[in-house]
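1. All I have is the shape, not the residue letters:
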């Protein structure tokens, strides 16, 4: 009746994370609608959707979460409208709270350098066993996340053939199945080469996928959860935790602080809209203002 499964299956150009989030959001809405008397899509109108968003607000959900759930509803009812299941799209002109576009606190370049140096420290494992392999993998993961600004899903989807060590480039399959090529620095290239030479072989097994660059301890493709755990074990010098996306933010911010062109950073990050990249300019301006206020005699 609601056909959520078919809708999710139609999202072939979306990331697994987006498909999972939309499915969860829609099933939550369907459960609420059933309790409220809207037994099928045809009985949902603009008022029903406004009541639902108000319900989410009373539950104390954050604005970005509500905005995402509304986006799932728009995509779903737009799909139903194209298929002729509903004659009118009830999400048209549906107003939702704007998400909080603030960026998380970004570590300074020196802080990231210290973190990466500690991660690259050699492990006392003379026989080159699994702990050495894991250490080499972890160092390569962090260097690629920060050195290429990849999303966590993009990193986990890499294959050995996607990395051109001689040319210093990595080919990335991004959102909406868009492919881009991103340069890698010498340190990241060296970390990947060390992992391929002395790490991946020790982690791989009979069931290891040959098209997976990074493997977990079980020899399977590294998952986003695995990658997050790698970073959870490491803290910045002031004790702050760091996430894979924090390194992506740091990558963009440090490029802009170094004088990189906004459009170039947009291409490197794989942003469809330059407005998304412009968020980082606000952050760098805040830092420049702080420096100005602290140092200029007439600030």
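-> Thanks, I have it. All figures in this text were calculated on a predicted structure; none of them were measured in a lab. Residues are numbered from 1 along each chain as shown.
2. for stretch 247-267, which positions count as buried?
-> Under the neighbour-count criterion of 16 or more other C-beta atoms under 10 Å, stretch 247-267 has 247-257, 265-266 buried. Heads up, the C-betas are built off the backbone N, CA and C, glycines and all.
3. hang on, I meant stretch 231-240
-> residue 231.
4. Okay, now that stretch: how far is its last residue from its first?
-> This stretch, stretch 231-240, spans 11 Å end to end (C-alpha to C-alpha, to the nearest Å).
5. average pLDDT for that stretch?
-> In this model, stretch 231-240 has a mean pLDDT of 84.
6. Ok, stretch 52-68 next?
-> Mean predicted lDDT for stretch 52-68 stands at 87.
7. Now it: buried residues?
-> 52-53, 56, 61, 65-68.
8. From the buried residues of stretch 247-267, pick the one nearest residue 150.
-> In terms of C-beta to C-beta, no member of these lies closer to residue 150 than residue 248, at 6.9 Å.
9. Which strand or helix spans that closest one?
-> In the assignment (DSSP states H and E), residue 248 maps to helix 244-257.
10. residues in contact with that helix?
-> 103-104, 106-107, 109, 112, 142, 145-152, 155, 224, 227-228, 231, 262, 264-265, 268-269, 277, 280-281, 283-284, 287 (C-beta atoms under 8 Å, 6 or more residues apart in numbering).
11. cutoff 7 Å now
-> If you take C-beta atoms under 7 Å, 6 or more residues apart in numbering as the criterion, helix 244-257 is touched by 103-104, 106-107, 109, 112, 145-146, 149-152, 227-228, 231, 265, 269, 280-281, 283-284.
12. again with stretch 37-44
-> 1-2, 33, 48, 80, 85-86, 90.
13. which of those residues has the most neighbours?
-> residue 90 (22 neighbours; other C-beta atoms under 10 Å).
14. I'd guessed it sits against residue 47; true?
-> No: judged on C-beta atoms under 7 Å, residue 90 makes no contact with residue 47 at a distance of 8.6 Å.
15. ok, now how distant is residue 92 from residue 49?
-> 10 Å (C-beta to C-beta, to the nearest Å).
16. same deal with residue 33?
-> Taken as C-beta to C-beta, the span from residue 33 to residue 49 is 10 Å.
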